[in-house]
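[1] I'll drop the sequence and a predicted model, then ask my questions.
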Amino acid sequence: MPKITGIQTIRTRANGTWLFVKILTDQPGLYGIGSVSDHFRAPVMQAAIENLAPRLIGRDTSRIEDVWRSIHFSAYWRNDALSNTAQAGIDMALWDILGKEAGMPVYRLLGGKVRSAVLAYAHAAGNDLAELEDDVRRYMAEGYSVIRCQLGPYGGGGFLKGTAAGFPQHHWPQDAAFDDEAYLDAVPRMFEYLRNKIGFEPKLTHDVHEHLMPHNAVHLAKRLEPYRLFFLEDLLQPEQVGWYRQVRQACVTPQAMGELFTNPHEYLPLLAERLIDFIRVRVSKGGGITQCRKIAAVCEMFGVRTAWQEGGDNDPVNQMAAVHLDLASPSFGVQEENHFAPEEYDLFPGHARLEGGYLYANDTPGLGIDIDEVKARTLLNPELASRSYLYPEDRRRDGELVAP
Ligand SMILES: [Mg+2]
């Protein structure tokens, strides 16, 4: 059996927010790669991997479950975003190695394909309704059948500016205020407009990004019912998921939730009570392929679908891990897409191919994706990478911070 001889990190993207692990083995040319990216804490993740490495050197690469548990308990406290990401990256790399040893793509190790390609949803946005309609039509023309619709940034439609914002004296230095009622008004109008203009054929979703107070969130789900969404995403913040019972009682709008979940205690009750319809955990934040294939299996038992989170800050290696799970999971629902710049795709030979609203893996053994380390180093801009990247803040008119 191959043994782990070294763990390297590769930091890239121009701003240095992508981080990967490369697990080296005692077998010539045999290595695996995994994603340990955390957009907001790349240097912290780098230190976490360096801290873990001594425990893993010499371990048998095929003992994936045992390594997973060994890392899981290695710092006593567990189930947080950073620990899960470290576990996930190592886990992806070990699945990659196992596939290369077996001469099979990872989806075959997971039980084989249950679908021929991965349905992906697009991100349409516009600062006004006409702009949004154009973007939706553009994606429809590209072949997408599921399209997320947003009025500009998260919370878009709910921001008031100038005198309409009603700022108090000496207010927080902000130029817009998020207002629940404005959002509650704008989003149903957005879907009314889109359904009138383009009909009910495209499957539409919307991401609330937790901006609303819970009672208003229930109201929004009910108001959107006539527009027959594919799903409504992140209606509530993770701390308020108990309100999904009220949402279920109020309407049949399908619910997608969970990109911020890291602990099984957060998602198991929602699955077991069938309070959500799609789970949105990010593969790396959930604990990797090993943990997410178990989540997918639980979803299958309870009739819930997976919609693993991707989004702008994520990387092609994590995306590839999701695609392998998607291909082999009967509980797969839809996959969030990602667009990367051409010079970024160029770093990753074998990356998933996005075409006509579907993602395709290749049949290369392992994850089927590699990293060109020379190009990765060249792309990294040291000045940009030295900066701090923290989540932007939205606030209400009195300055109160809105959950992101
Ligand atoms: Mg979301």
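    Alright, I've got the coordinates.

[2] What residues does the stretch 51-200 of the chain have near the ion?
    Counting by Cβ under 5 Å from the ion, no residue of the stretch 51-200 of the chain lies close to the ion. In short, each C-beta sits where N, CA and C put it, glycine included.

[3] excluding its backbone neighbours, what's nearest the closest residue to the ion within the stretch 51-200 of the chain?
    When scored by Cβ to the ion, the stretch 51-200 of the chain has Y154 as its residue closest to the ion, at 8.0 Å. Once flanking residues are discounted, Y154 sits nearest to H209: 3.8 Å by Cβ to Cβ, 6 or more residues apart in numbering.

[4] Run through the residues that contact the one you found.
    Shown in contact with H209 (Cβ atoms under 8 Å, 6 or more residues apart in numbering): 154-155, 233-234, 404.

[5] Helix, strand or coil: sort out it for me.
    Here H209 is recorded as coil under DSSP: H, G, I helix; E, B strand; the rest coil.

[6] Closest one to V187 out of the contacts of H209, please.
    Lowest distance from V187 to the contacts of H209 (Cβ to Cβ) belongs to G155, with 10.1 Å.

[7] how much space is there between the residue lying closest to that closest one once chain neighbours are set aside and R189?
    With sequence-adjacent residues excluded and distances taken as Cβ to Cβ, 6+ apart, G155 is closest to H211, at 4.4 Å. For H211, the distance to R189 (Cβ to Cβ, to the nearest Å) stands at 17 Å.

[8] now swap in P105 and tell me
    Using Cβ to Cβ, P105 is found at 45 Å from R189.

[9] got it, and I90?
    Using Cβ to Cβ, one gets 47 Å for the distance from I90 to R189.

[10] count of neighbours near the residue of the stretch 301-404 of the chain found nearest the ion?
    Going by Cβ to the ion, the ion is nearest to Q309 of the stretch 301-404 of the chain, at 6.5 Å. Per other Cβ atoms under 10 Å, the neighbour tally for Q309 reads 24.

[11] got it, and V36?
    29.

[12] I'd say it and T9 touch.
    Yes. Contact status for V36 versus T9: in contact at 7.3 Å, counting by Cβ atoms under 8 Å.

[13] coming back round to it: I90 and R189: which is more packed in?
    I90 (29 against 14).

[14] tell me the mean pLDDT over the helix or strand hosting that one?
    Using DSSP states H and E, I90 falls within helix 81-102. The average pLDDT within helix 81-102 is 98.
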